[in-house]
Every structure is written in structure tokens, then in C-alpha cells.
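*Asks:* pasting the structure only:
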């Protein structure tokens, strides 16, 4: 949903996962379809995200992983009503004049980014996972004068709360097969 816009935008996704001890692999694809105009008479560009990943459990408490992540977004469908009609964001509040900033131009949004990530997960105690991931962009084709990504280092902490049908529900002892 575009916050405060009055639109509902469907999100459609598909996931594939596979494993063979001690490996995991998979792919995800997600389309965020911005198909309805908001109250300003425009909609954001369609967003498509894709991920490919591979993981290997190298020790009882350690997993290494790599990911290829992509993001593709179109530009806005048109200029907002306030700019098109009232000249907001244009010199002299005249819609025929140039934009005051590239931020007002709907063609300066979206693009395509691809990044490669390497990371490690550690399970200090059962049902808790710490993860450190480094990400570097390998391709960036952005519309307009957008800021490019340089790199990212991310630390995450996960805590699993098993449900009654989880193989971990009856206790905190990790299973012998694939997985923490």
C-alpha cells in the first residue's frame, strides 16, 4: 500500500527451496504491483525483487551462505496532481516551467540493482541465531540522480519460537539432520 494514498497494491510471490545435508538452496521472486492510481492521480512503478541463495552447514552451530539479490522498479506513472495542475515543484508554480529539484520529476525514480552477499550464521544457544552478512553491489542502473549503494554490513539476531507442529517444540535439543 502506498501510505496515505488510498490504494491497495497486490504483492505476489513464489519461493523454491531445496536441501541435501549439509546444503540448502533456494530462490524467491516477488512482484509488488502498483496498478491503481492514488489520490494524486499517479502510481509508483512496478517493483520486482528476486533472490537466489545457497547455504552450507559447516559445523553443528555454524552456517555460511551466499546470496544474489535483485531489485527492479519502474518510474512513477506520471507527475502528481499538485505538480501537473497547480505547478507544485515547478519554478514559479507554473507546470510548464522546469522542476525545482530532480526529486519532483517522476522519471527519476526506479531502476535495477543487483547485489552479492556473503554471510555467516552462528547459533550460540538453541533457538537463537546471530548472523553477519556483507553485501556488495555488482550492478546498478538507476533512473535519474539517485544515490548508488556502495556496500552494506548487517548484523541480525533471530530467536525462534517453535509452534506445536515444529520438530523443536518438545525441547531445545537440536535435531541430528540438516539444520541447527
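*Replies:* Yes, it's here. For clarity, every value in this text was computed on a predicted model and none was experimentally measured. Residues are numbered from 1 along each chain as shown.
*Asks:* Could you report the distance from the residue of the chain most remote from its centre to residue 45?
*Replies:* Computed with C-alpha atoms, centre = their mean, the maximum C-alpha offset from the centroid of the chain is found at residue 92, amounting to 38.0 Å. Per C-beta to C-beta, to the nearest Å, residue 92 is found 29 Å from residue 45. (Glycine included, C-beta is placed from N, CA and C.)
*Asks:* residues near residue 107, how many?
*Replies:* 12 (other C-beta atoms under 10 Å).
*Asks:* Return the residues in contact with it.
*Replies:* By C-beta atoms under 8 Å, 6 or more residues apart in numbering, the contact set of residue 107 is 75-76, 143-144.
*Asks:* SS state for the residue farthest from the centre of the chain?
*Replies:* helix (DSSP: H, G, I helix; E, B strand; the rest coil).
*Asks:* so where is the protein shaky, pLDDT-wise?
*Replies:* Along the chain, segments meeting pLDDT under 70 span 1-6, 167-180.
*Asks:* for it, what spans make up the strands?
*Replies:* 11-20, 23-32, 47-59, 62-73, 111-122, 128-142, 152-159 (DSSP state E).
*Asks:* And the ones you listed: which comes nearest residue 165?
*Replies:* Proximity to residue 165 (C-beta to C-beta) singles out strand 11-20 among the strands of the chain, at 17.7 Å.
*Asks:* between that closest one and strand 47-59, how many degrees?
*Replies:* 20 degrees (axes from the mean of the first three to the mean of the last three C-alpha atoms, to 10 degrees).
*Asks:* Check which helices and strands strand 11-20 sits against.
*Replies:* strand 23-32 (3 or more C-beta pairs under 8 Å, 6 or more residues apart in numbering; DSSP states H and E).
*Asks:* Report the angle between the strand it packs on and strand 47-59.
*Replies:* 160 degrees.
*Asks:* any idea how far strand 23-32 is from the chain center?
*Replies:* 12 Å (C-alpha atoms, centre = their mean, to the nearest Å).
*Asks:* So what touches that strand?
*Replies:* Under C-beta under 8 Å, 6+ apart, the answer for strand 23-32 is 9-19, 46-57, 178.
*Asks:* Buried ones from the residues you listed, can you make that a ChimeraX selection?
*Replies:* Buried subset of the contacts of strand 23-32, written as a ChimeraX selection, criterion 16 or more other C-beta atoms under 10 Å:
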select :9,46,47,48,49,50,51,53,55,57
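*Asks:* TSV please, covering the contacts of residue 107 and showing distance to residue 85 and neighbour count.
*Replies:* Formatted as TSV, the contacts of residue 107 follow (distance: C-beta to C-beta, whole Å; neighbours: other C-beta atoms under 10 Å):
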residue	distance to residue 85	neighbour count
75	20	16
76	16	20
143	24	18
144	23	14
